[in-house]
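In: build me a model from this:
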Amino acid sequence: MADYLICYDICDPRRLQRLHRHLKRHAVPIQYSVFLFSGSERQLERCLTEAEAIIEARADDLRAYPLPKRGLKARLGRSALPEGIYWSPLPQHW
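Out: Next comes the predicted model:
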């Protein structure tokens, strides 16, 4: 498993909503237009392929950036999740 930042800039409000809903099913929203995706390259590829069907390639921008496995990961500022809820990449059965 690897972590990726998925970022987008969508011109049309309708496409923006559709893409946002799609990414919420696959990744964790970190900030407006920025998501944290944890998974294999194959899962990322499938997510981005499905997203390509939603966006307009000439007008919109969708990017995925790999995060280093051993790099420092920290959060500064207000959490995107409600108080008392913590996100962890651990499997759900833990």
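In: nearest residue to residue 19 in space, please, no chain neighbours.
Out: residue 54 (5.0 Å; Cβ to Cβ, 6 or more residues apart in numbering). Any C-beta I mention is one placed from the backbone N, CA and C, and that applies to glycine too.
In: for residue 60, same thing?
Out: Taking Cβ to Cβ, 6+ apart, and ignoring the residues beside it in sequence, residue 60 has residue 10 as its nearest neighbour in space, at 4.7 Å.
In: how close does that neighbour get to residue 40?
Out: The spacing between residue 10 and residue 40, counted by Cβ to Cβ, to the nearest Å, is 26 Å.
In: more crowded one of these two?
Out: Set side by side, residue 10 and residue 40 show unequal neighbour counts under other Cβ atoms under 10 Å, the larger going to residue 10 at 20 against 10.
In: phi, psi of the more buried one?
Out: Recorded main-chain torsions at residue 10 are phi -110, psi 130, according to degrees, to the nearest 10.
In: likewise residue 48?
Out: In terms of degrees, to the nearest 10, the main-chain angles of residue 48 are phi -70, psi -30.
In: pLDDT weak spots in the chain?
Out: By pLDDT under 70, the weakly predicted segments of the chain are 73-76, 79-81, 86-94.
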